[in-house]
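1. Next comes the sequence, and after it the predicted model I'd like to discuss.
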Amino acid sequence: MRILFVGGGNMATALIGGLLAQGLAARDLEVVDISPEVRSRLAGRGVRAVADLSACSGAFDVIVLAVKPQQIAPICKAVGPMAGGALIVSIAAGIRTGDLVRWLGGHRRLVRAMPNTPALIGAGITGLYAASEVTDADRGRAHRILGAVGSVLWFEREALLDVVTAVSGSGPAYVFYFIEALEEAGRSLGIEPAAARRLAIETFAGAAGLAARGEDPPAMLRGKVTSKGGTTECALQALDASRVKEHIIAAVKAASERAREMGDEFGKS
Ligand SMILES: NC(=O)c1ccc[n+]([C@@H]2O[C@H](COP(=O)([O-])OP(=O)(O)OC[C@H]3O[C@@H](n4cnc5c(N)ncnc54)[C@H](OP(=O)(O)O)[C@@H]3O)[C@@H](O)[C@H]2O)c1
């Protein structure tokens, strides 16, 4: 599988690292990026990196669009004529397949992907959506690329990618927010900063690890920590009194709505 990445930033670098770690040869990867620093970083890993699409070598099985959503329309217009039989995978947040197909000049072998930043350590989760013309073999290719940096979930309705964006795409930021709050609470109650941070991070990682084992649903795990009249119950009552769960749900809904709006906004050009 020969893969061209257009845009060699954070997400592309994570995907390239994952693919190399899985044994894909560096000679089968190529990157187009306008930044000389990005190109020299990739060249250091043995990956050919060029400044312009016209300097790319040969044909590719997959072209991954990994630039910012604002930059994607002109990129698609340039990629369309050279796409040939390649599968196009777009990781640009919010940009819909209808707009991508239009900018690509009618190319319909298209998969949209919404990864998240834990991909940088191989622990990402990606939501995927395939346009109707995409074959099973192409789905397999997209699955292999995104699966190189974590797990993947396919969705049959494109609109659900806005929800994926709000839940797991933006999700790491909510987790960091919670870690910050836990750390700050520890500090304000007298624990020195480094220890407070460690307690917050390792509690989060440990609890997520327990939940990921899937033996008990999260609500049951929570119940097991909560004894009648104890400290946890006291904290959870304070959270419920402030309607924290409802506020979190409202925040994720707002993010999902914003993803939909961004699709409308960027899709206009
Ligand atoms: N980071 C996330 O959490 C996340 C999660 C899910 C999806 N995504 C999506 O992934 C995409 C990439 O995000 P990222 O965080 O990897 O962005 P990034 O680090 O900014 O990477 C984009 C790269 O593309 C380069 N570039 C810009 N215009 C170009 C052009 N015309 N030709 C070739 N290269 C060009 C940029 O160079 P300059 O910096 O010089 O402009 C930059 O090196 C975005 O669409 C984003 O929505 C990101």
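-> Structure received. Residues are numbered from 1 along each chain as shown.
2. Now the residue nearest to the spatial centre of the chain: closest residue in space, sequence neighbours ignored.
-> In the chain, the centroid-proximal residue (CA atoms, centre = their mean) is Pro115; its distance is 1.8 Å. Using CB to CB, 6 or more residues apart in numbering and skipping residues adjacent in sequence, the residue nearest Pro115 is Thr126, 4.2 Å away. (C-beta placed from N, C-alpha, C; glycine too.)
3. cool, Val111 as well?
-> Val111 sits nearest to Ala142 (CB to CB, 6+ apart), 4.2 Å away.
4. following the strand or helix carrying that neighbour, which helix or strand comes up?
-> Ala142 belongs to helix 136-147 when elements are defined using DSSP states H and E. Next helix or strand after helix 136-147 toward the C-terminus (DSSP H and E): strand 150-154.
5. Just give me how far the helix or strand that comes right after that following strand sits from the chain centre.
-> Per DSSP H and E, the first helix or strand lying C-terminal to strand 150-154 is helix 160-164. Chain-centre distance of helix 160-164: 12 Å, with CA atoms, centre = their mean, to the nearest Å.
6. residue in the chain nearest to the ligand?
-> Gly9 (1.8 Å; CB to the nearest ligand atom).
7. And that residue, how close does it get to Gly127?
-> 20 Å (CB to CB, to the nearest Å).
8. same thing with Asp240?
-> For Asp240, the distance to Gly127 - CB to CB - is 30 Å.
9. who's more crowded, those two?
-> Set Asp240 next to Gly127 and count neighbours by other CB atoms under 10 Å: Gly127 wins out with 23 against 11.
10. give me every residue that touches Ile72.
-> When contacts are counted by CB atoms under 8 Å, 6 or more residues apart in numbering, Ile72 touches 65, 90, 92, 95, 100, 103, 266.
11. go again using 10 Å as the cut-off
-> Neighbour list for Ile72: 6-7, 65-66, 79, 90-95, 99-100, 103, 266-267, 269 [criterion: CB atoms under 10 Å, 6 or more residues apart in numbering].
12. quick one: which of those sit in helices?
-> Among these, the members found in helices (DSSP state H) are 79, 99-100, 103, 266-267.
13. Can I get these in CSV including pLDDT and neighbour count?
-> Below are those laid out as CSV (pLDDT from 0 to 100; neighbours: other CB atoms under 10 Å):
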residue, pLDDT, neighbour count
Val79, 96, 24
Asp99, 96, 20
Leu100, 96, 24
Trp103, 96, 21
Phe266, 86, 20
Gly267, 86, 18
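14. Alpha carbons only: can I get stretch 196-211 in CSV?
-> What follows is stretch 196-211, C-alpha atoms only, in CSV (Å, rounded to 0.1, in the frame of the first residue of the first chain):
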residue,chain,number,x,y,z
ALA,A,196,-1.2,16.5,43.3
ARG,A,197,-0.6,16.2,39.6
ARG,A,198,0.5,12.6,39.9
LEU,A,199,-2.5,11.7,42.1
ALA,A,200,-4.9,13.3,39.5
ILE,A,201,-3.3,11.7,36.4
GLU,A,202,-2.8,8.2,37.8
THR,A,203,-6.3,8.1,39.3
PHE,A,204,-7.7,9.0,35.9
ALA,A,205,-5.5,6.5,34.0
GLY,A,206,-6.2,3.7,36.6
ALA,A,207,-10.0,4.3,36.6
ALA,A,208,-10.1,4.5,32.8
GLY,A,209,-8.1,1.2,32.7
LEU,A,210,-10.6,-0.5,35.0
ALA,A,211,-13.5,0.8,33.0
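15. wait, doesn't the residue of the chain closest to the ligand sit right on Leu65?
-> No: with contacts counted by CB atoms under 10 Å, Gly9 stays clear of Leu65, the gap being 11.8 Å.
16. between those two, which one's more packed in?
-> Between Gly9 and Leu65, counting by other CB under 10 Å, Leu65 is the more crowded of the two (26 against 15).
17. which non-adjacent residue is nearest the more buried one?
-> Excluding its sequence neighbours, the residue lying closest to Leu65 (CB to CB, 6+ apart) is Ser90, at 4.4 Å.
18. thinking again about what came up before, dump the ones in helices among the contacts of Ile72 to a markdown table, plus distance to Glu180.
-> Below are the ones in helices among the contacts of Ile72 laid out as a markdown table (distance: CB to CB, whole Å):
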| residue | distance to Glu180 |
| --- | --- |
| Val79 | 40 |
| Asp99 | 36 |
| Leu100 | 36 |
| Trp103 | 39 |
| Phe266 | 30 |
| Gly267 | 34 |
